[in-house]
Structures are given as C-alpha cells and as structure tokens.
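Asker: Kindly generate the corresponding structure for this input.
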Amino acid sequence: SLPRRGLLRLGAGAATLPLMPAIVRAQASGRCVVSTWGGDYGNLLTANIEAPLLQPKGIDCVQDAGTEPARIAKSIAQRRLPRGNVDVICVQAPAAYDLEAAGMLEPLDESRVPNLKHVMPSLKSGQSIPHIFSPQVIAYNPERVTTPPTTYSDIELEQFRGKVGILDNSYIWVAMAAALKYKGDVGAIDAVKPELERLVKSGAHAYTSTEAFAPAIKSGEIDLGLVWHARVLFWQKGGLALRSAFPAEGCLTYVSSMGVLKNAPNKAAAFAYLNAALEPAAQRGFAASMGYLPTVTNAPLEGEVAQRLALPEPAPRLIPANYERLAATRDDMNEWWRRLLDRR
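Answerer: Next up, the predicted model:
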C-alpha cells in the first residue's frame, strides 16, 4: 500500500513535465526493467513472459525486485527525471489506481497494447493492465480445521485464537473483507478498526510476504487466514494440505496490475511487455503454474487446469474493491495499522 495524498502532491508536478514522444510504432528491443515482487511471481514472469515471448524479439528483461511500497517510493523519487530506470511497474490494483490518479502512468490503448481488446470489461483500466486475478478466500488446513469456515467472522472463533495468519502487505484486503461482512460495504474499512484490532490482539500472526504463509500453515503455527484462492491452488500443487473456503457474504477480487511509467527509458519494450503479459500462452501459464485466472476472454482453460481452477457451484459472489474510496482513507488506515502492530 502507499499514501495517496503524498502521491497526489508528488504527481501534480509530474503533470507539468513535457510529454515524451510516442514511440509505439518503433520496433521494441533492448533492455526492459520490470519493477516487481520477487519469489514465485518473479520466477513465473521469466518463465511465461520474458523468456518465451520477449527474449526472442531482442528484449532483455531485468527484474528490479522488492516490496511494493519500496518500489513505488523509488518511482516517486525519480518522477521528475526525464528518464527513470524502470519501464514496467507491477503493483496491486489499488496501488495502480493511485499511480494513475497521480499522473505517473502512460495511458494505454490498443495501438500501444493490442491485446487490450481481449481484456474482460469488468477489469479494464485506462492506464494499467489487469495481469491476473483471483478471489480472496479463507485458506485453512483441513487436518486441523475439521469444520470448514463459511464466513469471515469464523476466523474470530475462540478455537482459532492465535492460529490466524494475516499478510501484512495486504492487510487492507482483510479490512475490506471485514467491512463486507460487518457493514455490507467493502469501502467502509475505517469503520471496522475494532474488528481488526480484536483480531490482532487475539494473537493473529502478520507475515511480511505471501511466501511465508505456507510454511506457517505447514508447521502448525497457524491454521487458517485470508489469502487468494490462486495461492491455495499453488500450494496444493506443491503438496501442502490446504483448502479454500469461499465466504458466504462474497469474495473480494484481487487483481495484480502492470503499468508503464511516464519516464520509462524504453517505452516500446514496456508496451510490448504488457502486451505479452496478456497473450493467451502467458495467461494460461500463470493459471497452470500459480492458479490465477486469466483476465482476457481469449484464453479459455482446458483439461486438468480448467477442472482444478473451476470455482465451486453455486458460484461465489466476486466483489470488486472500491479503489476510489479505498484511496481516500488508506493513508489513515496505514498509520493506524502500523501503530496497532507496534503495540502488540
């Protein structure tokens, strides 16, 4: 997450920079620096996008891996430079919304990213692509949780005291899930501070990376927590005893986005990267390897992958995040969350 007010102040100056000439018709080649998460996601970018689709075209992809807040802060620090050192930035959709509002991302259209025409209408954005998406679920170990949870409030049951995991860098999604359950409104995250405080004070564990969640489940440190359904499928494939419970009140829809920074040094390569990320082969690769659903309409899943990724019947309600309302309150929520964790 990142402070929107600060971004808007910083972004206001960026709007006065001279526009760089359009180079979308230039042959994409050369070095493309991708600001992204490391770990599984970075490895799959290489395996499904960079090596098979871009390297043969002469595009040399270099990953600048790190946490999302640190990578965004770096881009903000370089915003006034005519040329930064990052071309493509990978962020969660709420952060992409903030970057767009701050004027830091290049507008996108089909002349720059032809595969935009295949993006699902409900996921479209003017200045970033929805790379992959997945419902947020309650992941649980069926060997220790014999009665599957059915709603967000189940994670607060006394039997799970001290056995709940929270992804620190995605706590805002837990807040939205709580707001949906208790307020019937995913945007009312500032109204569920008491519920989040109760969860943390009951001994919930906060993990700094998604990769840390699986070992905690395996070791018995935690029994359940909110993560993306795709992650559950990915860990199941690796042999971990884990299941997904889809909350009856609905599942927040997590979207991972990509954008091209306005001062990207190689925009032609950056647009080619986004286009490659939307290719059916790349989308199916992420689905098969990591369990995320395609964001395009021309990449239907087949066979074992289609069966494994099929959502239960009746289909769960997929609830989009309210990015505008989230951005308006996230500064205060971030400060409050940090104080809450520090007081534990």
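Asker: Do you have the strands of the stretch 201-344 of the chain handy? List them.
Answerer: Here the stretch 201-344 of the chain has its strands, by DSSP state E, counting those that start in this stretch, at 205-207, 224-228, 243-245, 251-260, 293-294, 318-319.
Asker: among the ones you listed, which is nearest Lys193?
Answerer: In terms of Cβ to Cβ, the element of these nearest to Lys193 is strand 205-207, at 15.6 Å. For every residue, glycine as well, the C-beta is placed using N, CA and C.
Asker: can you redo the strands of the stretch 201-344 of the chain as a markdown table with mean pLDDT?
Answerer: Putting the strands of the stretch 201-344 of the chain into a markdown table (pLDDT from 0 to 100) gives the following:
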| stretch | mean pLDDT |
| --- | --- |
| strand 205-207 | 95 |
| strand 224-228 | 97 |
| strand 243-245 | 97 |
| strand 251-260 | 96 |
| strand 293-294 | 96 |
| strand 318-319 | 94 |
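Asker: how about those strands, which one is nearest Arg112?
Answerer: The nearest among the strands of the stretch 201-344 of the chain, by Cβ to Cβ, is strand 251-260 at 8.2 Å.
Asker: Okay, angle between the longest strand seen in the chain and strand 251-260 too, please.
Answerer: Counting residues, the longest strand found in the chain (DSSP state E) is strand 129-140. If you take axes from the mean of the first three to the mean of the last three Cα atoms, to 10 degrees, strand 129-140 sits at 150 degrees to strand 251-260.
Asker: packing partners for strand 129-140?
Answerer: Contacts defined by 3 or more Cβ pairs under 8 Å, 6 or more residues apart in numbering; DSSP states H and E place strand 129-140 against strand 224-228, helix 229-237, strand 243-245, strand 251-260, helix 267-277, helix 280-290, strand 293-294.
Asker: Which among these is found nearest to Leu45?
Answerer: Closest among these, using Cβ to Cβ: helix 267-277, at 8.1 Å.
Asker: Tell me where the stretch 1-150 of the chain has strands.
Answerer: Here the stretch 1-150 of the chain has its strands, by DSSP E, counting those that start in this stretch, at 30-36, 59-65, 88-92, 129-140.
Asker: Pipe these into JSON lines and attach distance to Leu309 per row.
Answerer: Output for the strands of the stretch 1-150 of the chain, formatted as JSON lines (distance: least, Cβ to Cβ, whole Å):
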{"stretch": "strand 30-36", "distance to Leu309": "23"}
{"stretch": "strand 59-65", "distance to Leu309": "26"}
{"stretch": "strand 88-92", "distance to Leu309": "21"}
{"stretch": "strand 129-140", "distance to Leu309": "9"}
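Asker: okay, now the domains of this protein?
Answerer: Annotated domains of the chain cover 30-133+255-309, 134-253+317-342 [the TED database].
Asker: want to throw these into a markdown table with mean neighbour count?
Answerer: Shown next, in a markdown table, are the domains of the chain (neighbours: other Cβ atoms under 10 Å):
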| stretch | mean neighbour count |
| --- | --- |
| domain 30-133+255-309 | 19 |
| domain 134-253+317-342 | 18 |
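Asker: ok, residues contacting the helix or strand following the longest strand of the chain?
Answerer: As assigned by DSSP states H and E, the chain's next helix or strand after strand 129-140 is strand 164-167. Here strand 164-167 makes contact (Cβ atoms under 8 Å, 6 or more residues apart in numbering) with 155, 173-174, 199-200, 202-207, 209-210, 213, 216-217, 221-227.
Asker: can we see that at 6 Å?
Answerer: The contact list for strand 164-167 (Cβ atoms under 6 Å, 6 or more residues apart in numbering) reads 155, 174, 204-207, 210, 213, 216, 222, 225.
Asker: same question, stretch 126-145
Answerer: Outside stretch 126-145, the residues touching it (Cβ under 6 Å, 6+ apart) are 96, 100, 105, 107-108, 123, 149, 173, 217, 223-230, 232, 241-246, 251-259, 274, 277, 286, 292-293, 295, 318.
Asker: still on that earlier bit, now tabulate the contacts of strand 164-167 in TSV and tack on distance to Glu143.
Answerer: Formatted as TSV, these follow (distance: Cβ to Cβ, whole Å):
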residue	distance to Glu143
Ile155	17
Val174	24
Ala204	20
His205	19
Ala206	24
Tyr207	20
Thr210	22
Phe213	16
Ala216	15
Ile222	13
Gly225	16
